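Q: Sequence and predicted model, in that order:
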Amino acid sequence: MRKNLENGVFHAMNAFIRVVHSGSFTAAAAQLDVTTPQISRLVTELESRLQTKLLQRTTRKLVLTSAGEKYFKQAELIMELLAEAEQMAAGAAAQPAGRLRVLCMASFGNRYVVPLVTKYSARHPLVSIEYSTSQYMPDLLSEGIDVSVYLSQHLPDSGLIAQRLGTISAVLCASPKYLATHGVPEHPRDLVNHACLRLVNPSLTTHWKLINGNESFTIDPVGPIIGDLPEPVVHAAIHGLGIALLMSHNIVDALRRGTLVHVLPQWKSPEIGIYLLFPSRKFVDAKTREWAELLKTEIPILLEKDAEHMSQVMQSNGTSTQ
């Protein structure tokens, strides 16, 4: 009888599933905290047990055989049912423990998510949190990420489970110095005569679409600065290099200080959705579930607080966010 239940066929099956999702033995080994030769040996032993080839290995990629595709689908279902059964047997109030891998877009995460990491860690000391950032749509399965916070105007069809936390909009801003030198635009069409500082990442389209009630206007901005993070764009705007279109949480503090002012306050971008993304699986363990619940509770409150600050700033500056 086996002394370690983790070393049976389910362990090999899980290794095989991780290899398929990640596309490599090395990535699967990192996710399971074992060596690459161990993963390779598990898959080989699984193929020997089944007396069939599951993966075609080349120097550049791994390809599922016909038998491998069928086995993979059934194996995923089996592992999901096994995890769910163990969770039910352990009790619904199982204590969160283990490693939680979290991914977030950098600037949004710095303002809203990082403080919640500390709060979560204090509540659940048995959980080790790995926090990382990316501006791009995550591949949660291949990267071994448990949950991601992602912002997008149009969430692509990725096969991930998505839950909306709220929305945010981008607004136009510039320094008083820039506007004094170059004039204040009265309509979005006037932006073609201005230097535009561009934030370019998957959350925003390369062109600027602005709305004012039922009216909309689109331009292709041109200017001296392009960044995939808001910080260099904010810095350039504060130093008078042009007009920027940035999400309100990136500029509310600068607006309050007066180093930036709101431009064309009746106009803003279409709403940008804020999403929690999970891998496409039925089972969500206790540590992930508790993290998601914390974000779903706290982030809408923080967004509302910043929206109130933004409204107060606009009122003090004699403009309106409406």
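A: On my side now, so go ahead.

Q: gap between residue 80 and residue 273?
A: Using C-beta to C-beta, to the nearest Å, one gets 27 Å for the distance from residue 80 to residue 273. All C-beta atoms are positioned from the backbone trio N, CA, C, and that covers glycine.

Q: And these two? Which one has more around it.
A: Under the criterion of other C-beta atoms under 10 Å, the comparison of residue 80 against residue 273 puts residue 273 first, with 18 against 14.

Q: I'd like to know which helix or strand in this structure has the lowest mean pLDDT.
A: When the helices and strands of the chain are compared on mean pLDDT, DSSP states H and E, helix 140-143 comes out lowest with a mean of 72.

Q: The helix or strand that it is followed by packs against which elements?
A: As assigned by DSSP states H and E, the chain's next helix or strand after helix 140-143 is strand 147-152. Using 3 or more C-beta pairs under 8 Å, 6 or more residues apart in numbering; DSSP states H and E as the contact criterion, the elements in contact with strand 147-152 are strand 98-104, strand 272-278, helix 286-316.

Q: so which of those gets nearest residue 66?
A: The stretch from those with the least distance to residue 66 (C-beta to C-beta) is strand 272-278; that distance is 29.7 Å.

Q: Tell me the strands beside that closest one, with direction?
A: The strands that strand 272-278 pairs with in its sheet are strand 147-152 (antiparallel), strand 161-168 (antiparallel) (by DSSP bridges).

Q: Give me the distance between residue 75 and residue 48.
A: Relative to residue 48, and taking C-beta to C-beta, residue 75 is found at 16 Å.

Q: and the two? which has more neighbours close in?
A: When residue 75 and residue 48 are compared on other C-beta under 10 Å, the one with more neighbours turns out to be residue 75, at 21 against 9.

Q: and the more buried one, what does it touch?
A: Going by C-beta atoms under 8 Å, 6 or more residues apart in numbering, residue 75 touches 13, 16, 17.

Q: just to confirm, which helix or strand has the second one in it?
A: The secondary structure element spanning residue 16 is helix 9-22 (assigned by DSSP H and E).

Q: before we move on, back to that, can you say which of the helices and strands packed on strand 147-152 is nearest to residue 61?
A: strand 98-104 (24.1 Å).

Q: Quick one: list the elements packing against the following helix or strand past the closest one.
A: Moving toward the C-terminus from strand 98-104, the next helix or strand (DSSP H and E) is helix 106-108. Helix 106-108 sits against helix 248-257, with contacts defined as 3+ C-beta pairs under 8 Å, 6+ apart.

Q: What angle do strand 161-168 and the helix it packs on make with each other?
A: Using axes from the mean of the first three to the mean of the last three C-alpha atoms, to 10 degrees, one finds that helix 248-257 and strand 161-168 are set 20 degrees apart in direction.

Q: Now do helix 248-257: distance to the chain's middle.
A: Using C-alpha atoms, centre = their mean, to the nearest Å, the mean C-alpha position of helix 248-257 is found 22 Å from that of the whole chain.

Q: And it, what's buried?
A: Applying a neighbour-count criterion of 16 or more other C-beta atoms under 10 Å, one finds 248, 249, 250, 251, 252, 254, 255 buried in helix 248-257.

Q: Where does pLDDT dip in the chain?
A: Residue ranges of the chain with pLDDT under 70: 1-7, 59, 87-94, 141-142, 157-158, 203, 280-283, 317-322.

Q: Walk me through the domains of it.
A: Under the assignment automatic domain parsing, the domains of the chain span 5-90, 98-168+273-307, 170-270.

Q: Now do the helices for the stretch 101-250 of the chain: every range, in order, please.
A: Secondary structure of the stretch 101-250 of the chain (DSSP state H, counting those that start in this stretch): helices at 106-108, 114-123, 140-143, 176-182, 230-238, 248-257.

Q: Most neighbours of all the contacts of residue 75, which one?
A: Per-residue neighbour counts (other C-beta under 10 Å) across the contacts of residue 75 peak at residue 16, which has 25 neighbours.

Q: hmm, back to that, closest one of the buried residues of helix 248-257 to residue 150?
A: Closest to residue 150 out of the buried residues of helix 248-257 is residue 249 (15.3 Å), distances taken as C-beta to C-beta.

Q: Contact partners for the closest one?
A: Applying C-beta under 8 Å, 6+ apart, we find residue 249 in contact with 107, 108, 111, 112, 168, 303, 306.

Q: so how far is residue 299 from it?
A: As defined by C-beta to C-beta, residue 249 lies at a distance of 11 Å from residue 299.
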